[in-house]
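J.: quick one, what's the 3D model for this:
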Amino acid sequence: AVWQYRQASDARDTARRSEQRVAQAREVTQVLAAPDARSRSGRMTDGSTGTVVVSRGLNRAVFLASGLSDPPAGRIYQLWLSDGGTMRPAGLMDSSGASVAAVLSGAVGKASAMGVTVEPAGGSKAPTTDPLVLLTFPSA
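T.: Take a look at the predicted model:
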């Protein structure tokens, strides 16, 4: 009975993670396919490439990274939206691969840029390191 319970629990966890990945892929696709989607790319300090895609109509943004290495042990990549110099948290980025696509959490609003920092696991309320990249949003 204990073994069956663990198996069922593992299956539920796997299904939940799969559903989350599908939902995120749907959100990424929606932003990338938006008629007003605009992008800006730049080189990150670690040599990887980052691209932000913004849809003002959807009030959403997506960050794409290529060549990204895993963060140091006990650290995680955190996304930020910049509102005139003030950085607000926009989610944590799963870096379980060299290529990553992440929807920034929260509305873009009046943000003019986004950044990525390396933060303690679980994230921070404000950046504790210099950004690996700071990308200004493309104009409409």
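
J.: chain center to stretch 28-37: distance?
T.: 15 Å (C-alpha atoms, centre = their mean, to the nearest Å).

J.: identify each buried residue in it, please.
T.: Of the residues in stretch 28-37, 28, 31, 34, 37 count as buried by neighbour count, 16 or more other C-beta atoms under 10 Å. For the C-beta atoms, the positions are set from N, CA and C on the backbone; glycine is no exception.

J.: name the nearest of those residues relative to Val103.
T.: Val28 (5.9 Å; C-beta to C-beta).

J.: which SS class is the closest one?
T.: helix (DSSP: H, G, I helix; E, B strand; the rest coil).

J.: still on that earlier bit, want to throw the buried residues of stretch 28-37 into a markdown table with distance to Arg56?
T.: Formatted as a markdown table, the buried residues of stretch 28-37 follow (distance: C-beta to C-beta, whole Å):
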| residue | distance to Arg56 |
| --- | --- |
| Val28 | 17 |
| Val31 | 11 |
| Ala34 | 9 |
| Ala37 | 9 |
